[in-house]
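Peer 1: This is a predicted model, with the sequence first.
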Amino acid sequence: MIKAFEKLSGVPILVNTSFNLRGEPIVCTVEDAFKCFMSSEMDVLVLENYLYLKKNQTAVSEAKWHTKTKKD
């Protein structure tokens, strides 16, 4: 993966960091990832085979977020 990244970018290194915002727990679920993405200054989120661009997302309130992701 690093060789492929270097071939595309010219940069031969990747940095692995935790995925969370300051003061928040580390992201553990897809729902956490999307919520963190929408609450941050990130522009792009990749989850499995999906690419999310912040400019194409609709912000949802915290109440709507919990309603939409609640499992019955």
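Peer 2: Here it is on my side, so go on. Keep in mind it's a predicted model, so treat the numbers as computed, not measured. Numbering: from 1, shown residues only.
Peer 1: Please make it C-alpha for all contacts and neighbour counts, starting now.
Peer 2: OK.
Peer 1: who does the lengthiest helix in the chain touch, helix- and strand-wise?
Peer 2: Ranked by residue count under DSSP state H, the longest helix found in the chain is helix 30-39. Helix 30-39 is packed against strand 44-47, with contacts defined by 3 or more C-alpha pairs under 8 Å, 6 or more residues apart in numbering; DSSP states H and E.
Peer 1: buried ones in the strand it packs on?
Peer 2: Leu45 (16 or more other C-alpha atoms under 10 Å).
Peer 1: just the helices in this structure please.
Peer 2: Under DSSP H, the chain gives helices at 2-9, 30-39, 62-69.
Peer 1: From Asp43, how far out is Glu24?
Peer 2: 19 Å (C-alpha to C-alpha, to the nearest Å).
Peer 1: more neighbours, those two?
Peer 2: Higher neighbour count among Glu24 and Asp43: Asp43, with 12 against 9, using other C-alpha atoms under 10 Å.
Peer 1: The residue nearest to that one when sequence neighbours are not counted: how many residues sit nearby?
Peer 2: Of all residues not flanking Asp43 in the chain, Lys54 sits nearest, at 5.1 Å (C-alpha to C-alpha, 6 or more residues apart in numbering). Residues lying near Lys54 (other C-alpha under 10 Å) number 16.
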